[in-house]
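Engineer: need a 3D model of the following:
(one chain, ligands or ions: 2)
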Amino acid sequence: MPLVAGVDSSTQSCKVVVRDAESGALVRSGSARHPEGTEVDPTAWWEALEVAIERAGGVDDVAAVSVAGQQHGMVCLSDTGEVVRPALLWNDTRSAPAATALIDELGGAAAWADAVGVVPVASVTVTKLRWLAEHEPDSAAATAAVCLPHDYLTWKLRGTGDITTLTTDRGDASGTGYFSPATGRYRPDLLELALGRVPGLPTVLGPSDTAGRLASGALVGAGTGDNMAAALGVGAEPGDVVVSIGTSGTVFAVADKPSADASGLVAGFADASGRYLPLVCTLNAARVLDAVARMIGVDQDTFAELALSAPPGADGLVLVPYLEGERTPNLPTATGALHGLRLANATPAHQARAAVEGVLCGLADAMDALVAQGCRADRILLVGGGARSAAVRQVAPLVLGRPVVVPEPGEYVADGAARQAAWALTGTDSPPRWRLGAVDEVTGKPTPGLRERYAQARGKFLDRPAGS
Ligand SMILES: Nc1ncnc2c1ncn2[C@@H]1O[C@H](COP(=O)(O)OP(=O)(O)O)[C@@H](O)[C@H]1O
Ligand SMILES: O=C(CO)[C@@H](O)[C@H](O)COP(=O)(O)O
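Structural biologist: Numbering: from 1, shown residues only. Ligands and ions are numbered 1, 2, ... in the order given. Reported below is the predicted structural model:
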């Protein structure tokens, strides 16, 4: 049976899986770390991809490969295909004032939601281009083409070196702020509004299209954004809500119609199957747990044990998790806060519990916003690195207020990319059916008063110190 490879070039690392194209069975895998920070030289992602491929036993024997990547990152290329400046990532908040200006200039949030399905916040690529034009005009002038992380890696894999051959897909393009998921077309006027001109853009491929070939002759699929790939990886269908706890916290659903939420809470993305992917994203998820584990001086497993040893609701201790500022709600200069501290709850266990509950309360708010947009939440699937935590798995239904289905720990973004590669190979109308594998259904009684207490606390925090 032919093999296919899927890549997840996410914020913290690059993961590669090699699977059987027909059954989806995992054959081998590898990963490599990415540099820290909210601006990263894209060549570091390429180097990490090469290492991860090697650790996965290479791709010389695969028949097709697809790349999924962290969304929104601004990759600027010169006319000879050199990187002009480090990419600004989805979690870089410096373009928040540019987002506000662009909203005003187009006539308000509803105008953006109608045009491209998203209301710009600092994460969205179009705001980063405005920041570039204002703060680094030389880099802006040197930018002959702009693309996204998965577009860049897909192009590097094909090795043409010619920026006119860049490709993307409608899923990732829908996170730029200059592509309309509803029409399937770029909005060059919005790009011009941001940057003052229209640089070269990747060609938008369909879900099972081929971008080109590797030197080995293997097909290169269209690739997509990491959340779109995760939806493919878990086989999400309308009625499913996926909650992903990675560097970002995301809550999303597959939908048959495009969405346009003028409140800006729900981003109306396209998916990787030809449908749509309304999504809410927070900047603060697994890394909040990492940070609190560090603060109390324990590893992940001890952190989870501590969190589960504290009572639900942490005896009133509430963590507002805005350590990175926040995107949903749109509070780019916010910081985190601990509220309700008393002698009785001043313990590592209470802090661990409050951290898990705080992150999940933010995602429960996100799920409410998604449901308010008309998405059904018949089944909730929990994935991402944070879902490896026993505390997250057990506390999730107590906060989300419904049973939660947890697939076996795995790399669902890379799996989704592999499934897309298999689809490019077969050329069928829909992606091949791969079995999801064992799932664990976790239930529990919702914690009384927890979300109300979080709602009381979430607006109370200090802003970041000036200049930081
Ligand atoms: N057992 C665990 N408990 C808690 N967090 C975990 C555990 N395993 C991994 N993580 C966290 O998951 C995060 C990485 O998740 P991942 O989905 O790979 O992120 P990304 O795709 O954004 O790079 C890291 O912050 C890591 O600390
Ligand atoms: O910005 C978004 C979604 O809109 C993020 O979800 C990024 O796509 C990064 O994903 P992870 O690295 O956290 O998986």
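Engineer: and the residue of the chain found nearest ligand 1, how many neighbours?
Structural biologist: Minimum separation of the chain from ligand 1 (CB to the nearest ligand atom) falls at residue 385, amounting to 2.0 Å. For glycine as for every other residue, the C-beta is placed from the backbone atoms N, C-alpha and C. Using other CB atoms under 10 Å, residue 385 has 22 neighbouring residues.
Engineer: give the residue farthest from the middle of this protein.
Structural biologist: For the chain, the largest distance from the centre (CA atoms, centre = their mean) belongs to residue 343, which lies 38.2 Å off.
Engineer: on that earlier part again, contacting residues around the residue of the chain closest to ligand 1?
Structural biologist: By CB atoms under 8 Å, 6 or more residues apart in numbering, the contact set of residue 385 is 12, 245, 246, 286.
Engineer: touching, residue 52 and residue 31? I think so.
Structural biologist: Yes - between residue 52 and residue 31 there is a contact at 5.2 Å, judged by CB atoms under 8 Å.
Engineer: per-residue pLDDT, the residue farthest from the centre of the chain?
Structural biologist: Predicted confidence (pLDDT) at residue 343: the value is 98.
Engineer: and the stretch 301-450 of the chain, which residues reach ligand 1?
Structural biologist: Contact residues (CB under 6 Å from any ligand atom) of the stretch 301-450 of the chain with ligand 1: 384, 385, 386, 388, 389.
Engineer: what's the closest non-adjacent residue to the fourth one?
Structural biologist: Nearest residue to residue 388 in three dimensions, chain neighbours excluded: residue 409, at 5.0 Å (CB to CB, 6 or more residues apart in numbering).
Engineer: what about the residues of the stretch 301-450 of the chain next to ligand 1, which one has the most neighbours?
Structural biologist: Most surrounded of those: other CB under 10 Å gives residue 386, at 28 neighbours.
Engineer: correct me, but it touches residue 396?
Structural biologist: No - in this structure, residue 386 is not within contact of residue 396 by CB under 8 Å, at 9.8 Å.
Engineer: on that earlier part again, and residue 52 and residue 31? Which one has more around it.
Structural biologist: Comparing residue 52 with residue 31 by neighbour count (other CB under 10 Å), the higher total belongs to residue 52, at 23 against 19.
Engineer: ok, now which ones touch that one?
Structural biologist: Here residue 52 is in contact with 7, 13, 14, 15, 16, 30, 31, 32 (CB under 8 Å, 6+ apart).
Engineer: could you pick out the longest helix of this structure?
Structural biologist: helix 348-372 (DSSP state H).
Engineer: how about that one: buried residues?
Structural biologist: For helix 348-372, burial by neighbour count (16 or more other CB atoms under 10 Å) applies to 348-370.
Engineer: packing partners of that helix?
Structural biologist: Here helix 348-372 touches strand 240-245, strand 249-253, strand 276-282, helix 286-295, helix 300-309, strand 318-320, helix 390-400, helix 450-457, going by 3 or more CB pairs under 8 Å, 6 or more residues apart in numbering; DSSP states H and E.
Engineer: what angle do the longest one and strand 249-253 make?
Structural biologist: Spelled out, it's helix 390-400. Going by axes from the mean of the first three to the mean of the last three CA atoms, to 10 degrees, helix 390-400 is angled at 50 degrees with respect to strand 249-253.
Engineer: now the element after helix 390-400, going C-ward?
Structural biologist: strand 404-407 (DSSP states H and E).
Engineer: distance from the chain centre to that next one, please.
Structural biologist: Put simply, strand 404-407 sits 19 Å off its chain's centre (CA atoms, centre = their mean, to the nearest Å).
Engineer: list the contacts of it.
Structural biologist: 234, 243, 379-383, 387, 393, 396-397, 436-443.
Engineer: in strands, which of the residues you listed appear?
Structural biologist: Secondary structure from DSSP state E places 243, 379, 380, 381, 382, 383, 439, 440, 441, 442 of the contacts of strand 404-407 in strands.
Engineer: most neighbours, which of these?
Structural biologist: residue 243 (29 neighbours).
Engineer: local confidence estimate at that one?
Structural biologist: Looking at residue 243, its pLDDT is 98.
Engineer: repeat for residue 119
Structural biologist: 98.
Engineer: which residue is the nearest non-sequential neighbour of it?
Structural biologist: Using CB to CB, 6+ apart, the closest residue to residue 119 is residue 264 (3.4 Å).
Engineer: tell me the contacts of the one you found?
Structural biologist: Counting by CB under 8 Å, 6+ apart, residue 264 has contacts 109, 113, 118, 119, 121, 328, 330.
Engineer: between those, which sits nearest residue 456?
Structural biologist: Comparing these against residue 456 with CB to CB places residue 328 closest, at 18.6 Å.
Engineer: how near is the closest one to residue 444?
Structural biologist: Residue 328 is 25 Å from residue 444, where distance means CB to CB, to the nearest Å.
Engineer: repeat for residue 5
Structural biologist: Shown here: residue 5 relative to residue 444, a distance of 38 Å by CB to CB.
Engineer: settle it for me: which of those two has more neighbours?
Structural biologist: Neighbour count, other CB under 10 Å: between residue 5 and residue 444, residue 5 has more, with 30 against 17.
Engineer: how about the more buried one: which residues does it bridge to?
Structural biologist: Residue 5 has these beta-bridge partners by DSSP bridges: residue 18, residue 65.
Engineer: show me what stretch 356-366 is in contact with.
Structural biologist: Contacts for stretch 356-366 (CB under 8 Å, 6+ apart): 243, 245, 249-251, 265, 280-282, 284-285, 288-289, 307, 313-314, 318-321, 326, 328, 386, 389, 391-392, 395-396, 399-401, 447, 450-451, 454, 458.
Engineer: hey, C-alpha coordinates of it in PDB?
Structural biologist: Extracted as PDB, the C-alpha positions of stretch 356-366 are listed here (Å, rounded to 0.1, in the frame of the first residue of the first chain):
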ATOM      1  CA  VAL A 356      -6.600  24.300  34.600                       C
ATOM      2  CA  GLU A 357     -10.000  25.800  35.400                       C
ATOM      3  CA  GLY A 358      -9.100  29.300  34.100                       C
ATOM      4  CA  VAL A 359      -7.900  28.000  30.700                       C
ATOM      5  CA  LEU A 360     -11.000  25.800  30.400                       C
ATOM      6  CA  CYS A 361     -13.300  28.700  31.400                       C
ATOM      7  CA  GLY A 362     -11.900  30.800  28.600                       C
ATOM      8  CA  LEU A 363     -12.600  27.900  26.200                       C
ATOM      9  CA  ALA A 364     -16.100  27.400  27.600                       C
ATOM     10  CA  ASP A 365     -16.800  31.100  26.800                       C
ATOM     11  CA  ALA A 366     -15.400  30.400  23.300                       C
END
